[in-house]
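Novice: Fold the following and give me the result.
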Amino acid sequence: MARRGSTSASWRWSMLMLCQLWMLAVVGEQKKCPSEKDRADDLVAAARVLMRTKRDEEARACLELAVKKAPNYVPALIELGTLASKQQDYAAAVKHLAAGVKLEITPQALNNLAIAYQELGEHLSAVSVYQRALKLDEDDASAHYNLGTALEKAGEYKAAVKAYREAIELEPEEAKYYNNMGGSLAAYNRTETAERSYKWAIKLKPKFTDAYYNLGNLLLATGNIEGAIERLEQALNLDPTHPKAKAKLKDAQAQLEKKVEAFKGQVDEAIEKAQKMMRRGEL
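Specialist: Next up, the predicted model:
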């Protein structure tokens, strides 16, 4: 009996090892570049085909091989950095994109580099890169907007508002510019202007859930509880699953209940005071 148990345990161990080896083989196969080409440009071309068919791991292996063979080949660096960003490997994205733009600057590569910096929480680095991109094309509204988002995350709210205004001058019908500008205005207590900015966003895009939420949040912070509830309910009508709006509406309703109770207390106190005055003949 003991021998049979020992044999069974040995069999299970062997099967476990075989499974692990098989999994390693599969992972290794997935990461192997299937191209037999040797030139960096051919490897990049193969990677692009693979990415179109959603075979990103193999594409990345081809791009890494291309960079290894030709470290200064810009298309390989940019493609590899962009793919790494798509895979949320932002440290690798910064490494390869930064190397690429040192050799050849393009607005798209700079934009991708700045996004990777933002994802890493390096907002001032992102600001610097967006500013470089704007030197190439000052009339790119989205670049001004992206600069604004980076400045806002870096806590530079006045500068962010300036960037959003420049984006609005170029594309005055884009609702998200007004919505983001409202957040930066509110952050340095320009609440009335922030409210107008949110309302413009809603006017341009009547189903802009986040703008309704942001306006409701602002109104609640400034003491307009009834107005806040109205806007938060509108947000939830558009998106009943909006978690922030649900939580904020609950908070607003609780504040309104306290306000009503406090008002009732004041009314009761006033009535009691008037009754006492009447009994004393003072009324």
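Novice: Quick check: Pro34 touching Ala47?
Specialist: No - the criterion here is CB atoms under 8 Å, and Pro34 misses it with Ala47 at 10.3 Å. C-beta here means a position set from N, CA and C on the backbone, and glycine is covered the same way.
Novice: okay, and the common contacts of the two?
Specialist: Cys62 (CB atoms under 8 Å, 6 or more residues apart in numbering).
Novice: what's in contact with stretch 52-60?
Specialist: Under CB under 8 Å, 6+ apart, the answer for stretch 52-60 is 30-34, 46-48, 50-51, 80, 83-84, 86-87.
Novice: about what we covered before: which one of Pro34 and Ala47 has more residues nearby?
Specialist: Ala47 (28 against 13; other CB atoms under 10 Å).
Novice: average model confidence for whichever strand or helix holds that one?
Specialist: Using DSSP states H and E, Ala47 sits in helix 40-52. For helix 40-52, mean pLDDT is 94.
Novice: Would you mark the buried spots in that helix?
Specialist: Neighbour-count burial for helix 40-52, counted by 16 or more other CB atoms under 10 Å, picks out Ala40, Leu43, Val44, Ala45, Ala46, Ala47, Leu50, Met51.
Novice: now, which of these sits nearest Leu249?
Specialist: Ranked by distance to Leu249 (CB to CB), the buried residues of helix 40-52 are led by Met51 at 42.8 Å.
Novice: count of neighbours near the residue lying closest to the closest one once chain neighbours are set aside?
Specialist: In this structure, Met51 finds its nearest non-sequential neighbour in Ala59, 4.6 Å apart by CB to CB, 6 or more residues apart in numbering. By other CB under 10 Å, the residues close to Ala59 number 26.
Novice: measure Ala59 to Tyr73 for me?
Specialist: Distance of Ala59 to Tyr73, given as CB to CB, to the nearest Å: 16 Å.
Novice: And Leu220, by the same measure?
Specialist: 54 Å.
Novice: swap in Ala247?
Specialist: For Ala247 relative to Tyr73 (CB to CB), the value is 50 Å.
Novice: Tell me which of these two has more neighbours.
Specialist: Tyr73 (20 against 11).
Novice: show me what contacts the closest residue to the more buried one other than its chain neighbours?
Specialist: Take Tyr73 and drop its neighbours on the chain: the residue closest to it by CB to CB, 6+ apart is Ala40, 4.6 Å away. Shown in contact with Ala40 (CB under 8 Å, 6+ apart): Ala66, Val67, Lys69, Ala70, Tyr73, Ala76.
Novice: Backbone dihedrals for the fourth one, please?
Specialist: Which is Ala70. In terms of degrees, to the nearest 10, the main-chain angles of Ala70 are phi -140, psi 80.
Novice: check contacts around Lys37.
Specialist: Leu43, Ala45, Ala46.
Novice: Now the second one. Nearest residue, chain neighbours left out?
Specialist: Meaning Ala45. Nearest one to Ala45, counting by CB to CB, 6+ apart, is Lys37 at 8.0 Å.
Novice: Among the buried residues of helix 40-52, pick out the one closest to Ala92, please.
Specialist: Of the buried residues of helix 40-52, the one sitting nearest to Ala92 (CB to CB) turns out to be Ala47, at 14.8 Å.
Novice: So which residues of the stretch 101-250 of the chain form helices?
Specialist: Counting by DSSP state H, counting those that start in this stretch, residue ranges of the helices within the stretch 101-250 of the chain are 107-119, 123-136, 141-153, 157-170, 175-187, 191-204, 209-221, 225-238, 243-279.
Novice: I'd like those helices as TSV, with distance to Ala98 and mean pLDDT appended.
Specialist: Formatted as TSV, the helices of the stretch 101-250 of the chain follow (distance: least, CB to CB, whole Å; pLDDT from 0 to 100):
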stretch	distance to Ala98	mean pLDDT
helix 107-119	6	94
helix 123-136	9	95
helix 141-153	16	95
helix 157-170	23	97
helix 175-187	26	97
helix 191-204	34	97
helix 209-221	32	96
helix 225-238	39	96
helix 243-279	35	74
